[in-house]
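> sequence first, predicted coordinates after that:
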Amino acid sequence: MAKQKEKTLQQIGLDFYNNRDEKSFRILHDRIKPGLSKYVREKYSCECYQTRESVLLNTFKNIWEKINQYDTYYAFSTWAYRIARN
């Protein structure tokens, strides 16, 4: 049996963009959280778990609320990391 290819972050982001449902958001969250967590820790030098989780929570809230502003011409990861940066 051939192993099914794992979806890319771009594909997962587009799934959420198109479906805008909890299931696709949960898949997106699970996929991008480790990278965003590392980015936030390095960008803001926040070793405090609570601070990092607060920034991440805000980032994911904004991803959920502003998905209609995502321009599919660009990489989904670029858009998500820009939200984390701001």
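Happy to help now that I have it.
> lowest average confidence, helix or strand, in the protein?
Lowest on mean pLDDT, DSSP states H and E among the helices and strands of the chain sits helix 49-65, with a mean of 92.
> so which elements touch that one?
Under the contact definition 3 or more C-beta pairs under 8 Å, 6 or more residues apart in numbering; DSSP states H and E, helix 49-65 sits against helix 22-43, helix 76-85. The C-beta positions use only the backbone N, C-alpha and C, and glycine is treated the same way.
> which parts of that helix are buried?
For helix 49-65, burial by neighbour count (16 or more other C-beta atoms under 10 Å) applies to 52, 55-56, 59-60, 63.
> contact partners of stretch 61-70?
With contacts defined as C-beta atoms under 8 Å, 6 or more residues apart in numbering, stretch 61-70 is touched by 13, 16-17, 20, 25, 28, 76, 79-80, 83.
> and if you look at stretch 27-41?
Residues outside stretch 27-41 that contact it (C-beta under 8 Å, 6+ apart) are 9, 12-13, 15-16, 46-47, 52, 55-56, 59-60, 63, 77, 80-81, 84.
> one more pass at 7 Å, please.
For stretch 27-41, contacts defined as C-beta atoms under 7 Å, 6 or more residues apart in numbering pick out 9, 12-13, 16, 46, 52, 55-56, 59-60, 80-81, 84.
> reformat these as JSON lines; add distance to residue 67.
Below are the contacts of stretch 27-41 laid out as JSON lines (distance: C-beta to C-beta, whole Å):
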{"residue": "9", "distance to residue 67": "15"}
{"residue": "12", "distance to residue 67": "12"}
{"residue": "13", "distance to residue 67": "9"}
{"residue": "16", "distance to residue 67": "6"}
{"residue": "46", "distance to residue 67": "26"}
{"residue": "52", "distance to residue 67": "23"}
{"residue": "55", "distance to residue 67": "19"}
{"residue": "56", "distance to residue 67": "17"}
{"residue": "59", "distance to residue 67": "13"}
{"residue": "60", "distance to residue 67": "11"}
{"residue": "80", "distance to residue 67": "10"}
{"residue": "81", "distance to residue 67": "15"}
{"residue": "84", "distance to residue 67": "15"}
